Structures are given as structure tokens and as C-alpha cells.
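J.: Using only what follows, build the 3D model:
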Amino acid sequence: MPPRMALRFARFLCLTLALAGTLAIGGAARSAAQLRLQTFERDVLVIETEDGSRHRFEVELALDNEQRAQGLMYRRDLADDAGMLFLYGREWPVSMWMRNTFIPLDMLFIAGDGRIVRIVERTVPQSLETISSGRPVTGVLEVNGGTVARLGIQPGDRVLHRAFDGGS
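T.: Numbers count the residues shown, from 1 in each chain. Modelled structure (predicted):
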């Protein structure tokens with residue numbers, strides 16, 4: 001290919017790639033703008049540890065499929081005493097992931113009686129890895145990564161909330 005023609009082709013290729021990139025970015029912006037973010041009811045829950053310590057959290061409630069699908073996606077921060085409580089209305093195996101979630105989280109899987117049956121600490125932001133409850137649960141509490149270690153929360157500790165048997 002003659003040098004002049006190669007130069008024209010290179011310019012054409014650069015312009016084409018730039019246009020494709022612009023369209024891709026515009027498409028992503030449009031998709032995000034079209035996304036209807038859910039709003040969440042707020043409530044309070046308490047985690048009671050084996051040694052009798054009580055830790056209060058202000059939580060958002062994910063009660064329906066759309067809310068549970070969104071969860072804490074797109075958030076850039078979360079207060080130390082905040083979280084999201086996913087409620088399912090019955091016990092069944094639950095799987096979570098971190099798609100579009102930008103902060104590391106601790107996930108506490110909760111049985112119908114309010115007992116924490118499994119904890120997964122410091123999940124990896126934006127990971128597509130499946131995080132399973134390992135057994136049927138009624139709810140999942142997500143809090144900032146590191147909260148479980150900082151407060152000494154363990155499986156067997158109890159979540160006190162009206163959604164669980166014997167909750168307050």
C-alpha cells in the first residue's frame with residue numbers, strides 16, 4: 001500500500017475507533033440514565049452477639065424482586081451503622097453477587113429465627129462470583145466490609161428484627 005494511502009487508512013481507522021468509543025460511552029450513559037433506581041423503606045435492627053453485646057443498624061429493606069436485584073449496587077459509600085436487609089418471606093437457598101457494587105461488604109445469612117447461619121466477609125467489589133447461603137435462609141444483611149470482624153459478630157449470633165421469629 002502506498003504511504004499516502006496507508007496514512008488515509010490510518011486516519012480513517014482512528015476516526016472509526018473514536019466514533020465507536022463515543023457511541024459506546026453514550027450508550028452506557030443512556031443505559032444508566034434509563035435505569036430506574038429503586039427506593040427502600042428504612043428500619044432499625046439489632047445484632048446481639050454471644051457475649052450479650054448489642055449493635056444497632058439503620059437498614060434499608062429490600063422487599064421485592066426489583067429491590068433485591070438492585071441491592072447496594074451503584075453506591076460509593078455506606079455509613080458504619082447502616083446496611084441493607086434482604087427479606088424473602090420464606091426460607092430458601094439464596095445466592096448473591098457483587099455486580100455493580102463498588103464497596104466491599106460483609107454478608108450475613110439469617111435463618112427464620114433470626115440466627116446468623118453463615119457469614120461471608122469482605123466480598124470483592126464488582127465480582128460476578130456467586131456467594132451462596134449454604135442452606136435455606138429468610139434474609140441477608142449486607143454491611144460494610146470489616147464490620148463483622150470489628151464487632152466480633154459470628155454465626156449463631158442473633159438478628160433482632162420484626163421480620164424474624166421472636167424479633168423485636
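J.: Would you report the backbone torsion angles of R150?
T.: Here is the backbone geometry of R150 (degrees, to the nearest 10): phi -60, psi -40.
J.: So which bits of stretch 94-101 are buried?
T.: Buried residues in stretch 94-101, defined by neighbour count with 16 or more other CB atoms under 10 Å: V94, M96, M98, T101. C-beta coordinates here come from the backbone N, C-alpha and C atoms, glycine included.
J.: what's the farthest-apart pair in the residues you listed?
T.: Spanning the widest gap among the buried residues of stretch 94-101 are V94 and T101, at 15.8 Å by CB to CB.
J.: tell me, how many neighbours does the closest residue to P155 other than its chain neighbours end up with?
T.: Nearest in space to P155, with sequence neighbours left out and distances taken as CB to CB, 6 or more residues apart in numbering, is I116 at 5.3 Å. Counted with other CB atoms under 10 Å, residues neighbouring I116 total 22.
J.: pretty sure I116 is touching V148, no?
T.: No: contact status for I116 versus V148: not in contact, 9.2 Å apart, counting by CB atoms under 8 Å.
J.: Now the common contact residues for these two.
T.: Residues within reach of I116 and of V148 at once, by CB atoms under 8 Å, 6 or more residues apart in numbering, are L108, Q154.
J.: got the buried residues of stretch 94-101 as a markdown table, with secondary structure columns?
T.: Listed next are these as a markdown table, based on DSSP: H, G, I helix; E, B strand; the rest coil:
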| residue | secondary structure |
| --- | --- |
| V94 | coil |
| M96 | strand |
| M98 | coil |
| T101 | coil |
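J.: Just put the residues you listed in JSON lines and tack on pLDDT and distance to L128.
T.: Output for the buried residues of stretch 94-101, formatted as JSON lines (pLDDT from 0 to 100; distance: CB to CB, whole Å):
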{"residue": "V94", "pLDDT": "97", "distance to L128": "16"}
{"residue": "M96", "pLDDT": "96", "distance to L128": "11"}
{"residue": "M98", "pLDDT": "96", "distance to L128": "8"}
{"residue": "T101", "pLDDT": "96", "distance to L128": "11"}
